[in-house]
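Chemist: build me a model from this:
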Amino acid sequence: MLKIVPTKLNPIQKLLASPFEAVCPELSKWKVLQACPNLTKDCFMSTKNRLGFNCVADSLDVRTNHIDFKFTTHSGREIKHYKPNLADMVDFYNTRGFTLERDLPIHDEPSPNMERIALYGLLDKKWFNGSLFTHVARQNPETGSWISKMGRTGHLIKHGLDDLAADSGFGTVLAVMSKGKD
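Modeler: Coordinates of the predicted model:
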C-alpha cells in the first residue's frame, strides 16, 4: 500500500538544503536550463517561498511540506524512499479526485474549470511494472502553460507540456489527469 509521508523542514534544514542556492540562486537556474534545453530564461517564476516542498506537494497546492512516499508490503514491512511507478501515482491521484484523461493533450490549451496534472516518467522493463515516476507538473488553468516545482529547494518554472527534455531525467509525459474545480 502506497502512502504519503509529509515532512517539514525546520529553518536550519532549509538553509542547509541548498548551500549553493543560498549564495547564488542563478547557479541553480543555470542547472535547470542545462538539463532542459527546450526551456528559456523567462521560464522562471517567483522564487519567493519556494523552499520545503516538491513537485508532488505543489501539484496538490501544498506549499509547506515535501511529500515523500513509503510502500508497505503485505507482510507490513515499510520500504522508505520508495520510487513509485506510474500505476502507483495514478492510484495516488485517483484518491485525491483526479481521473485519467483518455488522450494526452496535443496543445497547451487553458482549462478554466479543470485542475490538470501531467505525470512524467521513464519506461523500462527493469523497473517494477515497467515505469518509474519522475515528476509531476500542474497546468495553469487560465494560460494553459504548465508549472513545475524543480525539487525541494528548486525554482518554480512555467513550460510547455513537452519542454522538459526526455534526456534530462524527467522522461516523457506518461499520463495527464484532471478533476473539476471545487
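Chemist: any idea how far residue 111 is from residue 59?
Modeler: Separation of residue 59 from residue 111 (Cβ to Cβ, to the nearest Å) stands at 15 Å. Glycine gets a C-beta too; all of them are placed from N, C-alpha and C.
Chemist: can you give me the strands in the chain?
Modeler: Applying DSSP state E to the chain gives strands spanning 2-7, 66-72, 78-80, 99-100, 114-123, 131-139, 146-149, 156-159, 172-180.
Chemist: looking at those, spot the one closest to residue 43.
Modeler: strand 156-159 (4.5 Å; Cβ to Cβ).
Chemist: so where's the protein shaky on pLDDT?
Modeler: Along the chain, segments meeting pLDDT under 70 span 1-28, 46-51, 70-74, 79-82, 104-107, 125-128, 152-153, 165-167, 182.
Chemist: returning to that earlier point: same drill for residue 59 and residue 111, tell me which one is more crowded.
Modeler: residue 59 (26 against 17; other Cβ atoms under 10 Å).
Chemist: run through the residues that contact that one.
Modeler: By Cβ atoms under 8 Å, 6 or more residues apart in numbering, the residues touching residue 59 are 117, 136-138.
Chemist: nearest to residue 63 among those?
Modeler: Distances from residue 63 to the contacts of residue 59, taken by Cβ to Cβ, are shortest for residue 138, at 12.3 Å.
Chemist: can you tell me how far the closest one is from residue 36?
Modeler: Counting by Cβ to Cβ - residue 138 and residue 36 are separated by 17 Å.
Chemist: quick one, which of those two is more surrounded?
Modeler: Between residue 138 and residue 36, residue 36 has the larger neighbour count (other Cβ under 10 Å), namely 21 against 18.
Chemist: roughly how far apart are the more buried one and residue 45?
Modeler: 15 Å.
Chemist: and which of the contacts of residue 59 is nearest residue 84?
Modeler: Nearest member of those to residue 84, counting by Cβ to Cβ, is residue 136, at 10.7 Å.
Chemist: separation between the residue lying closest to residue 179 once chain neighbours are set aside and residue 171?
Modeler: Distance criterion Cβ to Cβ, 6 or more residues apart in numbering; nearest residue to residue 179, sequence neighbours excluded, is residue 97 at 4.4 Å. Distance of residue 97 to residue 171, given as Cβ to Cβ: 25 Å.
Chemist: which one of the two is surrounded by more residues?
Modeler: residue 171 (21 against 12).
Chemist: so that one makes contact with residue 120?
Modeler: Yes - between residue 171 and residue 120 there is a contact at 5.3 Å, judged by Cβ atoms under 8 Å.
Chemist: with that, I have no additional questions.
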